[in-house]
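This is the structure alone, sequence omitted:
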């Protein structure tokens, strides 16, 4: 069994870039764009416990800010179960992480992220 503990450097750079974009759009009250980049951070980081958990933490905070009860409850559940599933390399790859998607559903990677994953 493979244990994921540390995100590779090139993925970490892409992950941080998505979080930077998320914060930029959030500060500018462009919530749809902010969420888009938060989902991308989740896709990139979901195989690594710290990054996966942090993406869900930000999704929880976003849900609270938007007063979205469904998102808040869904993110609490994902926070309870997501990190350890990353550690044992058992996540549904490509999943965007929001409650609009079943938590165990695999999804196609966006083309640019798929290329990153192959590098």
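Alright, I've got the coordinates. None of the values given here were measured: they were computed from a predicted structure.

what's the lowest-mean-pLDDT helix or strand in the chain in contact with?
Within the chain, no helix or strand scores below helix 69-87, which has a mean of 85 by mean pLDDT, DSSP states H and E. By CB atoms under 8 Å, 6 or more residues apart in numbering, the residues outside helix 69-87 that reach it are 3-5, 46-50, 52-53, 56-57, 59-60, 62-64, 91, 97-99, 103. All C-beta atoms are positioned from the backbone trio N, CA, C, and that covers glycine.

When you filter those down to buried only, what's left?
Neighbour-count burial (16 or more other CB atoms under 10 Å) is assigned, among the contacts of helix 69-87, to 4, 46-49, 52-53, 56, 59-60, 62-63, 91, 97-99, 103.

that older thread, so for the helix or strand that comes right after the least confident helix or strand of the chain, mean pLDDT?
The helix or strand immediately downstream of helix 69-87 is helix 111-118, counting by DSSP states H and E. For helix 111-118, the mean pLDDT works out to 93.

any residues touching helix 111-118, and which ones?
Against helix 111-118 from outside (CB under 8 Å, 6+ apart): 10, 11, 14, 40, 43, 44, 108, 109.

cool, stretch 27-36 as well?
Contacts of stretch 27-36 (CB under 8 Å, 6+ apart): 21, 22, 23, 25, 26, 62, 66, 98.

So the last one versus residue 9, what's the distance?
Residue 98 sits 27 Å away from residue 9, going by CB to CB, to the nearest Å.

So which residue is dead centre in this structure?
Centroid-nearest residue in the chain, with CA atoms, centre = their mean: residue 42, separated by 1.4 Å.

so it, which of the three states?
helix (DSSP: H, G, I helix; E, B strand; the rest coil).

so it makes contact with residue 53?
No: the criterion here is CB atoms under 8 Å, and residue 42 misses it with residue 53 at 10.4 Å.

most neighbours, which of the contacts of helix 111-118?
When neighbours are counted by other CB atoms under 10 Å, residue 44 leads these with 27 neighbours.

could you list every residue that touches residue 11?
Contacts of residue 11 (CB under 8 Å, 6+ apart): 44, 45, 48, 116, 117.

Check residue 23 too.
Residue 23 makes contact with residue 34, according to CB under 8 Å, 6+ apart.
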